[in-house]
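*Asks:* no sequence on this one, just coordinates:
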């Protein structure tokens, strides 16, 4: 028996723990907040435009914690990180469920949920799972991706049901309790710093400055950022978007859960297809498929049309998600990958913050959410074509 064999159970323990910690980010993510957007706005007497502006600045502010949290995890270790972040996020969720002050209080709580959830907990999850990707990348990364899709799909269904049956405050209280019940996950985390030195890369790998001078780099950034903007916008206001087409709240929750599971198919197709075609072809094609889905929202009026769009959005979203993690190293090398991905992540955060506000303002100007998505579709087609046509400098 090889020396690596006894370590396999520990590998999968870390993968499962990492996936559970990513699930814990739900109340700080756009799609999580989207589950309660409509009842929350009605309860607090806020307009969607005001909420979109709150979300914009809260998302931008929350994103600022990503780099400090990474450095903090390097110093204190993963167990301490989980033991601090899980209760902190739970406290914020409990505070939000008992919120009575409207705009100012909501901004502070969403800012903190973005910081602890989308920011801090995401960094922690990737650090936990990423430590076992280095030597077990194929199976471990695939398992992590599968678990994320399944966990989030289940959570969307359960929380959506609670929102419908008991209200958004009860649903949010339940999430806070669940976060506290996740604390034992911290006990299985490995000790030590969150990040290991990256000794990969070659002499011909590109620096950030060299990559930024290549048009393909910005085509990739803009293409993935367009997806981030659309995903955050439709995630936050999806119930209103589908309501505009005649669908009820229950259908919206089912749509969200199904899209999450369908995205798993896109991830698997892209992962297998990368052996046959370069990743940029998958990214470009996914952007064009997404454009088709956006243009079709105006036409849907039946369940068949709705699930067709859910399939297109889910598959394209899964492919684009895999592309975000894979395209930079394969196109520009690994020696300076952290800095390159940092710029790309900044672009996506800015886009995801702006997306809901742009959708809401567009709906007011164009008299409907679906009309706004039709306008966005040609831009996705253009970016998809640029991704397909522009080639990065090959890494030798």
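*Replies:* Everything's here; your move. Please read these numbers as outputs of a predicted model, since none were measured by experiment.

*Asks:* How is the chain partitioned into domains?
*Replies:* The chain resolves into domains spanning 7-147+158-188, 208-389 when parsed by automatic domain parsing.

*Asks:* For the stretch 151-300 of the chain, which segments count as helices?
*Replies:* Using DSSP state H, counting those that start in this stretch, the helices of the stretch 151-300 of the chain run over residues 168-181, 208-212, 215-236, 238-244, 249-273, 279-296.

*Asks:* Check which helices and strands the last one is in contact with.
*Replies:* Helix 279-296 sits against helix 215-236, helix 249-273, helix 303-332, helix 369-389, with contacts defined as 3 or more Cβ pairs under 8 Å, 6 or more residues apart in numbering; DSSP states H and E. (Each C-beta comes from the backbone N, C-alpha and C, glycine too.)

*Asks:* Need the winner for burial among the ones you listed.
*Replies:* Across the helices and strands packed on helix 279-296, averaging neighbours per residue (mean count of other Cβ atoms under 10 Å) puts helix 215-236 on top, at a mean of 24.

*Asks:* angle of it against helix 279-296?
*Replies:* 40 degrees (axes from the mean of the first three to the mean of the last three Cα atoms, to 10 degrees).

*Asks:* still on that earlier bit, kindly reformat the domains of the chain as TSV and extend each row with mean pLDDT.
*Replies:* Listed next are these as TSV, based on pLDDT from 0 to 100:
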stretch	mean pLDDT
domain 7-147+158-188	84
domain 208-389	86
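
*Asks:* ok so, going back, what about the helices and strands packed on helix 279-296, which gets the closest to residue 288?
*Replies:* Of all the helices and strands packed on helix 279-296, helix 369-389 sits nearest to residue 288, with 4.1 Å by Cβ to Cβ.

*Asks:* Run through who's touching the closest one.
*Replies:* 215-216, 219-220, 222-223, 226, 230, 234, 237, 240-241, 244-245, 280-281, 283-288, 290-292, 294-295, 297-298, 358-359, 362-363, 365-366 (Cβ atoms under 8 Å, 6 or more residues apart in numbering).

*Asks:* Apply 7 Å and report the result again.
*Replies:* 219-220, 222-223, 226, 230, 237, 240-241, 244-245, 280-281, 283-285, 287-288, 290-291, 294-295, 297-298, 359, 362-363, 366 (Cβ atoms under 7 Å, 6 or more residues apart in numbering).

*Asks:* Quick one: buried ones out of those residues?
*Replies:* Buried members of those, scored by 16 or more other Cβ atoms under 10 Å, are 219-220, 222-223, 226, 230, 237, 240-241, 244-245, 280, 283-285, 287-288, 290-291, 294-295, 297, 359, 362-363.

*Asks:* and the closest residue to residue 107 other than its chain neighbours, what does it touch?
*Replies:* Counting by Cβ to Cβ, 6 or more residues apart in numbering, residue 54 is the residue found nearest to residue 107 once chain neighbours are left out, at 4.8 Å. Residue 54 is in contact with 103, 106, 107, 110, counting by Cβ under 7 Å, 6+ apart.

*Asks:* So the third one sits against residue 58, correct?
*Replies:* Just to be clear, that refers to residue 107. Yes: between residue 107 and residue 58 there is a contact at 5.9 Å, judged by Cβ atoms under 7 Å.
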